[in-house]
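> Would you be able to build a 3D model of this:
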Amino acid sequence: QVQLVESGGGLVQAGGSLRLSCAASGRTFSNDNMGWFRQGPGKEREFVGAISWIGGTYYADSVKGRFSISRDNAKGTVYLQMDSLKPEDTAVYYCAADPRRRSIATMTPRSLWAYWGQGTQVTVSS
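A predicted model of the protein is given here:
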């Protein structure tokens, strides 16, 4: 059974940092593109960023320069480092994976991702 499990969410003050983790199991994800999305209160789920199967990264403009994505294939884990957090970053954050090796710059629609985690809540207080 394919599973993506996010962790690391919580409550943080504006300007603070959090690191989210996404642990993959059930298949080999080292050759997959991996992505992060988020869904704020009353909003659509939106693309945050992605890391390709060869380690390239791509970010939404709203988080560029503040968030970074990395992966440890040996551990089957992808990370989202979030710095300089703002109240508008408050959302449920979701990990996603896709094996088709598309250019990650084209993978902003959620419909292009095959596998999803259950999400982890991030709340940024002002």
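
> which residues touch the most centrally placed residue in the chain?
The chain has Trp36 as the residue nearest its centroid, 2.1 Å off, counting by Cα atoms, centre = their mean. Contacts here follow Cβ atoms under 8 Å, 6 or more residues apart in numbering; on that basis Trp36 touches 20, 22, 48-50, 69, 78, 80, 93-96. In short, each C-beta sits where N, CA and C put it, glycine included.

> swap the cut-off to 10 Å and go again
6, 20, 22, 47-51, 59-60, 63, 67, 69, 78-80, 82, 93-96, 117 (Cβ atoms under 10 Å, 6 or more residues apart in numbering).

> Return the subset of these lying in strands.
In this view, the contacts of Trp36 that belong to strands under DSSP state E are 6, 20, 22, 47-51, 59, 67, 69, 78-80, 82, 93-96.

> Now which of those would you call buried?
By the neighbour-count criterion of 16 or more other Cβ atoms under 10 Å, the ones in strands among the contacts of Trp36 include these buried positions: 6, 20, 22, 47-51, 59, 67, 69, 78-80, 82, 93-96.

> hey, what's Leu4 bridged with?
Beta bridges link Leu4 to Ala24 when assigned by DSSP bridges.
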